[in-house]
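Novice: everything below, folded, please.
(one chain, ligands or ions: 2)
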Amino acid sequence: MTPEAALLRVIHCLDRAMASPYKTRAFVGALDVVRAIDPVELAERARDGRLTELDGIGDATAGVITEALAGLTPSYLTKVEAESQIELTDAGRPYLDALRGDCHLHSTWSDGGAPIEAMAAAAIDLGHEYMVLTDHSARLTVAHGLNEERLREQLVEIDRINDEIAAAGHDFRILTGMEVDIFEDGSLDLSDELLGELDVVVASVHSKLRMDADQMTRRMVAAVANPHVDILGHCTGRKVGKRPESQFDADYVFAACAQFGTAVEINCRPERLDPPRALIDLAIEYGCNFSIDSDAHATGQLEWQPYGCNRAAERQVPIDRIVNTWSADELLAWTES
Ligand SMILES: [Zn+2]
Ligand SMILES: [Zn+2]
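Specialist: Numbers count the residues shown, from 1 in each chain. Ligands and ions are numbered 1, 2, ... in the order given. Model prediction:
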């Protein structure tokens, strides 16, 4: 294992464990140093114990580099690998096994921490057949949301990366998409024309989460009834222990999801785990489809799908109603219908 690979793997595991950005930043900084320095100098410094003289290398990162160069699995990596394992229940296993892709994830184009290529490589390693790239729309300025011009640039870039992936012999593709903001009146933060060009559209509420329940119900029903919307993202907007659920009439919203063919997302982020159990039960009753999505903002977070699988298994979501257990072609046939 090269020092670069070891550091990348440590970052992956720290992301998977949702470590503090401060901790991860040390390893990202060390990675930059390792990539920039002459490998001979790196080896000499490791041998003489002079790595920490370099700006951006501390004791922990020096240890990882030194052990990797010595042909060992760095002890720090072994530790974070073990500590960051994601628990999968026996009941959740068939769900995870059935998943063939991930319909909600971000890259450095918006507020993600990894470039598209790195997200795709990690998704390929997980055995996925596809991933839908859903960076934020323009309104979410804090997340560097994409305006139409940047989205068009991204579509060209995805084409190029897909060609590279195919040339490398991988049976995998990146599907185009966006996590589009739902405005207060239920309209969407992207033109109809561009929405129609995307493979998969996730629509989410990110603002005015505390609006009056009647208004929120109208807002969400209007969004899920939009023929371009395929998946309703993290429907209550809650953050466990931090932010309460938005108030809306879930009967209307899920009935509309069933009526207009919009899947209800089971968001796997550990701080979201949205919808809560009772709402999953209700969405099952209404005959909704589901999508078990990581909402990953870093490569390691692509491994969060077990959280949603465990939850889906517990509530007995019918596996054939989970849209990302379908092949890419089946998924596209559904989003285009
Ligand atoms: Zn979101
Ligand atoms: Zn998201």
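Novice: how about the residues of the stretch 201-337 of the chain by ligand 2?
Specialist: Asp295 (Cβ under 5 Å from the ion). (C-beta placed from N, C-alpha, C; glycine too.)
Novice: what's the neighbour count on the residue in the stretch 201-337 of the chain that ligand 2 sits nearest to?
Specialist: Of the stretch 201-337 of the chain, the residue with the smallest distance to ligand 2, taken as Cβ to the ion, is Asp295 at 4.4 Å. One way to gauge burial is a neighbour count; for Asp295, by other Cβ atoms under 10 Å, it gives 25.
Novice: what of Ile124?
Specialist: A total of 16 residues lie near Ile124 under the criterion other Cβ under 10 Å.
Novice: packing partners of the strand or helix carrying it?
Specialist: Ile124 is part of helix 116-125 when elements are defined by DSSP states H and E. Identification of packing neighbours for helix 116-125 by 3 or more Cβ pairs under 8 Å, 6 or more residues apart in numbering; DSSP states H and E yields strand 101-105, strand 130-133, helix 148-167.
Novice: quick one, which of these is nearest to Arg25?
Specialist: Arg25 lies closest to strand 101-105 among the helices and strands packed on helix 116-125, at 21.2 Å (Cβ to Cβ).
Novice: now the angle between helix 116-125 and the closest one, please.
Specialist: Relative orientation of strand 101-105 and helix 116-125, computed by axes from the mean of the first three to the mean of the last three Cα atoms, to 10 degrees: 150 degrees.
Novice: buried ones in whichever helix or strand Arg47 is part of?
Specialist: Using DSSP H and E, the secondary-structure element containing Arg47 is helix 39-48. Across helix 39-48, burial judged by 16 or more other Cβ atoms under 10 Å covers Leu42, Arg45, Ala46.
Novice: about what we covered before: using TSV, lay out the helices and strands packed on helix 116-125 together with mean neighbour count, distance to ligand 2 and mean pLDDT.
Specialist: Formatted as TSV, the entries for the helices and strands packed on helix 116-125 read as follows, by neighbours: other Cβ atoms under 10 Å; distance: least, Cβ to the ion, whole Å; pLDDT from 0 to 100:
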stretch	mean neighbour count	distance to ligand 2	mean pLDDT
strand 101-105	28	6	98
strand 130-133	28	11	98
helix 148-167	14	15	98
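Novice: just send those back as a markdown table, with distance to Tyr252 too.
Specialist: Converted to a markdown table, the helices and strands packed on helix 116-125 look like this (distance: least, Cβ to Cβ, whole Å):
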| stretch | distance to Tyr252 |
| --- | --- |
| strand 101-105 | 23 |
| strand 130-133 | 27 |
| helix 148-167 | 31 |
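Novice: which among the ones you listed is found nearest to Arg16?
Specialist: Per Cβ to Cβ, nearest to Arg16 of the helices and strands packed on helix 116-125: strand 101-105, 13.7 Å.
Novice: which other residues reach that closest one?
Specialist: Surrounding strand 101-105, the residues in contact under the criterion Cβ atoms under 8 Å, 6 or more residues apart in numbering are 112, 119, 123, 128-134, 175, 177, 179, 200, 202, 230-231, 233, 265, 267, 291, 293-297, 301-302, 305, 323-324, 328, 331.
Novice: okay, now Val205: neighbour count?
Specialist: 24.
Novice: identify the bridge partners of the closest residue to it other than its chain neighbours.
Specialist: Of all residues beyond its chain neighbours, the one nearest Val205 is Ile182 (4.9 Å), with distances taken as Cβ to Cβ, 6 or more residues apart in numbering. Using DSSP bridges, the bridge partners assigned to Ile182 are Leu188.
Novice: need the pLDDT of the closest residue to Asn289 other than its chain neighbours.
Specialist: In this structure, Asn289 finds its nearest non-sequential neighbour in Ala263, 4.0 Å apart by Cβ to Cβ, 6+ apart. pLDDT, the model's per-residue confidence, is 98 for Ala263.
Novice: before we move on, what about Ile182?
Specialist: The per-residue pLDDT reported for Ile182 equals 98.
Novice: show me the contacts for it.
Specialist: Residues Leu188, Asp189, Ala203, Ser204, Val205, His206, Arg219, Met220, Ala223 are the ones in contact with Ile182 under the rule Cβ under 8 Å, 6+ apart.
Novice: buried ones in the helix or strand of the chain with the lowest mean pLDDT?
Specialist: Of all the helices and strands that make up the chain, helix 21-36 has the lowest average by mean pLDDT, DSSP states H and E, namely a mean of 93. If you call a residue buried by 16+ other Cβ under 10 Å, then helix 21-36 has these buried ones: Thr24, Ala26, Phe27, Val28, Gly29, Ala30, Leu31, Val33, Val34.
Novice: which other residues reach stretch 266-285?
Specialist: By Cβ under 8 Å, 6+ apart, the residues outside stretch 266-285 that reach it are 18, 104, 233-240, 242, 245, 250-251, 254, 257, 264-265, 290-295, 301, 304-308, 311-312, 314-318.
Novice: burial count for Pro275?
Specialist: Counted with other Cβ under 10 Å, the burial measure for Pro275 works out to 26 neighbours.
Novice: what's the distance between it and Glu193?
Specialist: From Pro275 across to Glu193, the span is 31 Å (Cβ to Cβ, to the nearest Å).
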